[in-house]
Each structure stands twice: as C-alpha cells, then as structure tokens.
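> here is my input, please return the structure:
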Amino acid sequence: MYELKTKFNDNSVIEFIENVESAKKREDAYRLLDIFTEATGYPAQMWGPSIIGFGAYHYKYESGHEGDAPLVGFSPRKAKISLYFATGDTKRDDLLKDFGKHTAGKACVYINKVADIDVDILTALIKQSILFLNEMYPEQ
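Alright, predicted model coming up:
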C-alpha cells in the first residue's frame with residue numbers, strides 16, 4: 001500500500017530554514033514564513049523533510065485514497081522556491097496573471113526569489129487557497 005511521505009512531524013521549522021545552504025534562500029524563507037503566518041493565522045509546521053505547512057485538512061478522493069495535507073505551504077528548494085496551494089481552484093489562475101515572475105504546476109507555483117513577485121497577490125493566493133479548501137472539505 002502507498003505510504004504518504006509528506007506527513008506532519010515535530011521537526012523544527014527554524015532549524016530547517018537555518019540549514020538552507022543559500023543565504024538568499026534562507027532570507028526569503030524567513031520572509032515567506034512571516035507572510036504565510038500572518039495570512040493564515042496558523043503556526044508553521046514541518047510536513048515531510050522539506051515542506052513548511054500552515055493549517056491542515058483531510059482529503060478523500062473518489063478512488064478511496066485519503067490523507068492529510070497542509071492548507072498551504074512552501075519549500076525553499078535548491079533550484080526554486082515551491083509555493084503550495086490547492087489544486088483545482090480556478091481563481092488561482094486569475095491571481096497568477098499579475099503575480100510576477102513564476103512558473104506553475106498542478107499544485108505548486110515556483111519562484112526564484114520573493115523580490116520577483118507581488119507580495120499582496122501572494123497573500124491573496126494564500127487566503128484564496130484556504131477558502132477553496134474549506135469549501136471543498138467543510139467537515140474540518
């Protein structure tokens with residue numbers, strides 16, 4: 001049976017950020033930590049070895065697959081910074097139009113640095129993602 005790797009754990013968010021090799025990425029990680037904490041009202045928690053998540057929800061797909069995931073999060077990865085938002089939210093694409101320099105996947109938005117993006121739109125993306133997930137999974 002498939003075992004989900006991205007699980008909540010008690011690892012230290014600050015210790016994780018302090019171990020980010022690039023000083024610039026570390027600085028951006030602290031900035032994102034402040035932005036996500038303020039926008040969500042949730043404390044930062046580690047999910048798996050490298051995702052800093054905020055809040056949580058339980059999902060269950062029609063296939064029967066279910067699990068827990070952070071409402072939103074980010075990870076200061078070596079190549080780019082990954083921002084995690086809800087999948088399937090059509091309002092995300094509208095917000096991303098004026099977001100700044102980024103690329104987007106199904107659930108992730110990738111940026112090089114915080115200076116490349118509009119922080120107000122980032123805050124809107126965070127809040128919209130949480131709103132969308134709370135509507136999709138109201139029994140939280």
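
> where in this structure is pLDDT low?
Applying pLDDT under 70 to the chain picks out residues 1-5, 140.

> now the most centrally placed residue in it, what's its secondary structure?
Nearest residue to the geometric centre of the chain (C-alpha atoms, centre = their mean): residue 73, 1.9 Å. Secondary structure, DSSP: H, G, I helix; E, B strand; the rest coil: residue 73 is strand.

> just give me the neighbour total for residue 9.
Residues contacting residue 9 under the criterion other C-beta atoms under 10 Å number 11. From N, CA and C alone the C-beta is placed, and that goes for glycine too.

> spit out the contact partners of it.
45, 46, 47, 48 (C-beta atoms under 8 Å, 6 or more residues apart in numbering).

> give me the beta-bridge partners of it?
Residue 9 forms beta bridges with residue 46, as assigned by DSSP bridges.

> could you find the closest non-adjacent residue to residue 26?
Nearest residue to residue 26, sequence neighbours excluded (C-beta to C-beta, 6 or more residues apart in numbering): residue 20, at 4.6 Å.

> is it correct that that neighbour is in contact with residue 77?
No. If you go by C-beta atoms under 8 Å, residue 20 and residue 77 don't touch, sitting 9.1 Å apart.

> those two: which has the busier surroundings?
residue 20 (19 against 14).
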